[in-house]
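Participant: Pasting a predicted model and its sequence here:
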Amino acid sequence: MAIVLGPNRYGKAETRVVRVSRDGGVHRLKDLNVSVSLSGAMEDVHLTGDNAAVLPTDSQKNTVFAFAKKYGVGAVEEFGLLLARHFVDSQPTITHARVEIREYGWKRISGPHSFVRDGGEVRTALVHSDGTGGAESVVSGLADLVVLNTTGSEFHGFIEDEYTTLAPTDDRVLATEVTARWRHRDTAPGWEAEDWDASYLEARAALLAAFAETHSLSLQQTLYQMGRRVLAERAELCEVRMAMPNKHHFLVDLEPFGMDNDNEVYFAADRPYGLIEGAVLTDDAPGAPAAWS
Ligand SMILES: O=c1[nH]c(=O)c2[nH]c(=O)[nH]c2[nH]1
């Protein structure tokens, strides 16, 4: 029996970079968490400790800061592609780069240089590149987008076995915290930051519109409608993957206090929660195994 090295990758995770652009007196703010992961000719470093092929993770972190200064930070997809291509193009031992970015939003308070952090929502990008001209994939997305419908949600007709206590309902609160990622058909050569931004904003708007407008018979149905809407509206996208915890809102029994509860008072439980996950894709979506990893 031989023992061999399996798949591996390495890089600097979670470099927190804040880029301030000062256009005249009006400042712009980009706040990112960048994780780089590289792979290539890394047998020697694992098998013998020879580091000759290794670009230190410290240098990767420095590159993130240097690129933020040199090129500015536009759309996270664009910044991710710039970094990923750079690592592969500049280092013969690096053949593949994965760059994952989380962007924290800030809104202006008033005046040119004061900001308040957006709620919990995060914009995400995941870029894979084999270098300029090589295979690439871009996945955009968002996380921690919390949404709630106070009506328009039912859940009934499910299996009832000997352990079922859940009462069927034709009117419940439906709430979830959406993590959604959507895959671009290609890396859109020539796309500017504004194109990535427009694509992102419209995909996000489609998710929200579908959540609000779907009369839901299950969170699974809502998930599918949300993914469908994104793909129906955005031709540049071919697959959406979502994870949506069911943030249960249980009606509180007020009878002991002599009161009825006509869908007015809920206990918002934080755990356990149902976790609904699914992918929606176009039937011509090209296979892209690296895209999601
Ligand atoms: O929308 C729902 N889907 C389920 O699969 C499920 N299971 C459950 O207990 N409540 C719900 N709600």
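Facilitator: Sure thing, it's come through.
Participant: Surely residue 51 and residue 45 touch.
Facilitator: Yes - look at residue 51 against residue 45 with C-beta atoms under 8 Å: they come within range, at 5.6 Å. C-beta coordinates here come from the backbone N, C-alpha and C atoms, glycine included.
Participant: Have a look at those two and say which one is more surrounded.
Facilitator: residue 45 (17 against 10; other C-beta atoms under 10 Å).
Participant: Report the contact partners of the more buried one.
Facilitator: 51, 53-54 (C-beta atoms under 8 Å, 6 or more residues apart in numbering).
Participant: Over to it. Which of the three states is it?
Facilitator: Following DSSP: H, G, I helix; E, B strand; the rest coil, the label given to residue 45 is helix.
Participant: now do residue 84
Facilitator: Assigned with three-state DSSP, residue 84 falls in the helix class.
Participant: how close does it get to the ligand?
Facilitator: As defined by C-beta to the nearest ligand atom, to the nearest Å, residue 84 lies at a distance of 38 Å from the ligand.
Participant: Up against the ligand, what does this structure have?
Facilitator: Proximity of the chain to the ligand, by C-beta under 6 Å from any ligand atom, involves residues 155, 166, 218-220, 246, 274.
Participant: Check the residues you listed and tell me the two furthest apart.
Facilitator: Within the residues of the chain next to the ligand, 166 and 220 form the most distant pair, 15.3 Å apart (C-beta to C-beta).
Participant: These two: who's more crowded?
Facilitator: Neighbour totals were compared for residue 166 and residue 220, and residue 220 leads with 15 against 10 (other C-beta under 10 Å).
Participant: Show me what counts as buried in the helix or strand hosting the more buried one.
Facilitator: For residue 220, the element it lies in under DSSP states H and E is helix 219-233. The neighbour-count check on helix 219-233 (16 or more other C-beta atoms under 10 Å) flags 219, 221-227, 229-231 as buried.
Participant: what helices or strands is it leaning on?
Facilitator: In this structure, helix 219-233 makes packing contacts with strand 174-184, helix 193-213, strand 237-246, strand 274-281, judged by 3 or more C-beta pairs under 8 Å, 6 or more residues apart in numbering; DSSP states H and E.
Participant: per-residue confidence at the closest residue to residue 129 other than its chain neighbours?
Facilitator: Closest residue in space to residue 129, ignoring its immediate chain neighbours: residue 84 at 3.7 Å, by C-beta to C-beta, 6 or more residues apart in numbering. Looking at residue 84, its pLDDT reads 98.
Participant: dump the residue contacts of residue 84.
Facilitator: Residue 84 neighbours (C-beta under 8 Å, 6+ apart): 97-99, 127-129, 136.
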